[in-house]
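1. what follows is a protein structure lacking sequence information:
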């Protein structure tokens, strides 16, 4: 995502804070976004099950994600779940091997660090969805998808 190969239209979210696409829209979720203040932020308490997702355009092998919070801000996602899909309609949760319970992954705990999360098992999917479950002050984040494209 950071290098721009994923088009802006391929990054969508459940909601956007104050409907401000310029500062809080899904495209601001790119890791390393040069906009100092920008990040994806959900629409406050009206969105009780926030998510942000990326359409990779075709199936890819996904191994993990890197999360980052908005620089200079004091709010961020602290914990999240992940789901994936081939069609953007039916979703499969990332689980620990042998379990059916969705895993929760730790995200950021301060404004200075990126957190790299490697999934227990790589998977193939076209869509990846991050579902924040806990945050500090507000649900805002940036992220990068780790993996590789599949040559078909």
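-> Received the coordinates, thanks. Predicted model, so just to flag it, every value in this text is computed and none were measured.

2. please count neighbours and contacts with C-alpha atoms only from this point.
-> Fine.

3. show me where pLDDT drops low in this structure?
-> For the chain, the stretches with pLDDT under 70 are 34-37, 111-112, 150-152.

4. again, only this time at 80
-> Under the criterion pLDDT under 80, the flagged ranges of the chain are 32-37, 70-74, 109-113, 149-152.

5. mind listing the strands for it?
-> In the chain, the strands defined using DSSP state E lie at 11-13, 40-41, 52-68, 76-85, 92-93, 105-106, 115-136, 140-149.

6. nearest to residue 29, out of those?
-> Among the strands of the chain, strand 140-149 comes nearest to residue 29, with 3.9 Å by C-alpha to C-alpha.

7. quick one on the thing from earlier: TSV for the strands of the chain, including mean neighbour count?
-> Output for the strands of the chain, formatted as TSV (neighbours: other C-alpha atoms under 10 Å):
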stretch	mean neighbour count
strand 11-13	20
strand 40-41	32
strand 52-68	20
strand 76-85	22
strand 92-93	14
strand 105-106	16
strand 115-136	18
strand 140-149	21
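
8. I'd say residue 125 and residue 57 touch.
-> No: assessed by C-alpha atoms under 8 Å, residue 125 is found out of contact with residue 57, at 9.7 Å.

9. which residue is nearest the middle of this protein?
-> The chain has residue 130 as the residue nearest its centroid, 4.2 Å off, counting by C-alpha atoms, centre = their mean.

10. any idea what residue 140 is bridged to?
-> residue 41 (DSSP bridges).

11. list the contacts of it.
-> 39, 40, 41, 42, 69, 70, 75, 76, 77 (C-alpha atoms under 8 Å, 6 or more residues apart in numbering).

12. try it again with 7 Å
-> Under the criterion of C-alpha atoms under 7 Å, 6 or more residues apart in numbering, the neighbours of residue 140 are 39, 40, 41, 42, 69, 75, 76, 77.

13. farthest-apart pair in those, please.
-> By the measure C-alpha to C-alpha, 42 and 69 form the most distant pair in the contacts of residue 140, at 13.4 Å.

14. what about those two, which has more around it?
-> Under the neighbour definition other C-alpha atoms under 10 Å, residue 42 and residue 69 were set side by side, and residue 69 has more, 32 against 28.

15. let me see the contact set for residue 82.
-> Residue 82 sits next to 93, 94, 129, 130, 131 when contact means C-alpha under 7 Å, 6+ apart.
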